[in-house]
Every structure is written in C-alpha cells, then in structure tokens.
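> Have a look; sequence and predicted model below, questions after that.
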2 protein chains.
Amino acid sequence: MASAKTEVFTQEEQDLASFAKVLSHPARIAILKILAAQNACICGQIVEVLPLAQSTVSQHLKELKNAGLIKGTIEGPKSCYCINREAFEKLNQEFNSLFQTLQTEIAGNCC
Amino acid sequence: MASAKTEVFTQEEQDLASFAKVLSHPARIAILKILAAQNACICGQIVEVLPLAQSTVSQHLKELKNAGLIKGTIEGPKSCYCINREAFEKLNQEFNSLFQTLQTEIAGNCC
DNA sequence: TTGTATTATCGTACAAAAACGATAAACCAA
DNA sequence: TTGGTTTATCGTTTTTGTACGATAATACAA
C-alpha cells in the first residue's frame, strides 16, 4: 500500500504480487474451492456456505473477477461464476517460475 | 482484514492465504530474488538496490522471516539473510496442490 | 404492470499495511 | 572507552483492505 514506488519493480514482480494479493484472503480461496468443487456458481449459494454478508461475498467475487481468475455471466437476475482455467494455468506457471528461480539460483548459502 | 471471521476457514486456506499475503508486495518478491541471485544477504546491500528506506526494507525482511521464507543470522553489527529452501519447497507444494484442486475438480463448467 | 428474488454498488467504519524519520541497540575498530 | 557502522524498533501518517447495512439495478413471474 502507500506509495509502493511501483515504478521501480519489474512487471513480473508486480504481476505476481497482484495475483498473490488476490489469493491472500481465506475467503477468496474458499470461494475458488467452492466454484471448483461444485457447480455452485450462483452467488447466493456461496453466501449460504460462507459466514459473510452478501455484499462482502459479492465484493470478493468482484476482485477475483477483476484478477481474471474467475469468469462471470449474468443469468437473469442471478450471476453465474466459474473458474477460469486458462488464468490458473498461467498463474501456476508464473509461480513455478518464481519458485524455480528462488530455489536454483542460489550461488551458495551464507547462513 | 477486519475480523475476517478466521475461525470458519480451514487451516489450509488460512495458511495459503498467509503465504500469499507475504508474496503480495513487489518489494518482498524483489528481495527474495536478490537473496537468491547473489549472496547479497546483508540488509544494507538490499537497501542500496531498492528505492526504499532502510527501515522499510527491514520491515519487509521481518515479515519474510516471520513467514519462514528466509533465514537470518546476526554477524556482528550486520544481519545476514538467505532463502529458506525447505520453506519454499513446502510452499511450492501447497500452491501446486491448490492449483490442481482448482483445475481438476471441475465437474463441468457452467459459464 | 406489479411484485419478488437475486446481485451489484454505495457509503461508512474500523483494522491492517506501508512508508518514513528518528532513535535505540549491538558490535567492531581505534 | 569512544566513535563509527549496521540493523532493529518506535512513533506517526497515509493508504488500502474488509466488513456490513442500505439501496439501486436487473430480470423473471404472476
């Protein structure tokens, strides 16, 4: 937060940080699991399961959607959400790339 | 933040969210890369590279250390930090586990 | 058209994160 | 011991995140 002097960090670092931020709340992880496990794509079904107000769940869904991790379509008065597989494949790759970098490029630990 | 009603979410969800939160700032990702790439384990060297105040860098280092992602040892007046490989292996596994769950357990997309 | 159900958005309150300067703490060198 | 170097911590300010209730918007049913 604050200024963050975001200009200085690489695009990759900022992208990864943004994705991580979306995953940094247990409610959003729970929502993703719900979407993945069932066809419970309707917002109301998620509200029933989670102990959060409808407006709060809707807010989390919005963030997940803004990040591209889920897709949403309107079905009449209802809204249908589901996992965006392509996005997660990309995200998975980015994380793995970071992990590989961190684990392999160690020239020799000093601790 | 706020209450977060953390009691309701599973331990796995909370753990993953905590790890993600640590990675949710580009400065911390940059610090991890610096530690991995060089033997620049000294706090001062990181301060030189990043456009952040020394106190801010120290704060980020503390968070990384609290999360167990890096190890730190005191060398006289200096502090030496380095990547905790074991922690990253575990983190990598947890993320991969989540990604697999999200990508495989889709019973049939509705969007 | 009127009502009902569902979801999104607005406004607000509070908690947490991020940044910085200043200062304290720790250790080595002279 | 004194002074210099390095890092951690404290105090503060600003920004962001989280949560909720209330309300608006949307579309279907009667």
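Great, that's in hand. Values in this document were obtained by computation on a predicted structure and should not be read as measured data.

> ranges for the helices of chain A?
Using DSSP state H, the helices found in chain A span residues A:11-22, A:26-37, A:43-49, A:54-66, A:85-104.

> May I see the buried residues of the fourth one?
Spelled out, that is helix A:54-66. A:57, A:60-61, A:64 (16 or more other Cβ atoms under 10 Å in any protein chain shown). From N, CA and C alone the C-beta is placed, and that goes for glycine too.

> near DNA strand C too, which of those?
The subset of the buried residues of helix A:54-66 within reach of DNA strand C, by Cβ under 7 Å from any atom of the strand, is residue A:61.

> returning to that earlier point: out of the helices of chain A, which is the most enclosed?
helix A:26-37 (a mean of 21; mean count of other Cβ atoms under 10 Å in any protein chain shown).

> That one vs DNA strand D: in contact?
Yes. Counting by Cβ under 7 Å from any atom of the strand, contacts between helix A:26-37 and DNA strand D involve residue A:27.

> just checking, what packs against that helix?
The helices and strands touching helix A:26-37, judged by 3 or more Cβ pairs under 8 Å, 6 or more residues apart in numbering or on different chains; DSSP states H and E, are helix A:43-49, helix A:54-66, strand A:78-83, helix B:11-22, helix B:85-104.

> Could you dump those into CSV and include mean pLDDT?
Output for those, formatted as CSV (pLDDT from 0 to 100):
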stretch, mean pLDDT
helix A:43-49, 89
helix A:54-66, 97
strand A:78-83, 88
helix B:11-22, 96
helix B:85-104, 89
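
> Which one of these lies nearest to DNA strand D?
Set against DNA strand D and scored by Cβ to the nearest atom of the strand, the helices and strands packed on helix A:26-37 come closest in helix A:54-66, at 3.2 Å.

> Output the closest one in CSV with nothing but the alpha carbons.
Only the C-alpha atoms of helix A:54-66 are listed here, as CSV (Å, rounded to 0.1, in the frame of the first residue of the first chain):
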residue,chain,number,x,y,z
GLN,A,54,-23.9,-11.0,0.7
SER,A,55,-22.3,-7.7,-0.1
THR,A,56,-19.0,-8.9,1.2
VAL,A,57,-19.1,-12.1,-0.9
SER,A,58,-20.0,-10.0,-3.9
GLN,A,59,-17.0,-7.8,-3.3
HIS,A,60,-14.7,-10.8,-3.1
LEU,A,61,-16.2,-12.2,-6.3
LYS,A,62,-15.5,-8.9,-8.0
GLU,A,63,-11.9,-9.0,-7.0
LEU,A,64,-11.5,-12.5,-8.3
LYS,A,65,-13.1,-11.5,-11.5
ASN,A,66,-11.0,-8.4,-11.9
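
> any idea of the angle that helix forms with strand A:78-83?
50 degrees (axes from the mean of the first three to the mean of the last three Cα atoms, to 10 degrees).

> How about helix A:54-66 and DNA strand D, touching?
Yes. Judged by Cβ under 7 Å from any atom of the strand, helix A:54-66 and DNA strand D are in contact via A:54-56, A:59-60, A:63.

> quick check, that helix touching chain B?
No. Counting by Cβ under 8 Å from any Cβ of the partner chain, no contacts exist between helix A:54-66 and chain B, the nearest distance being 9.6 Å.
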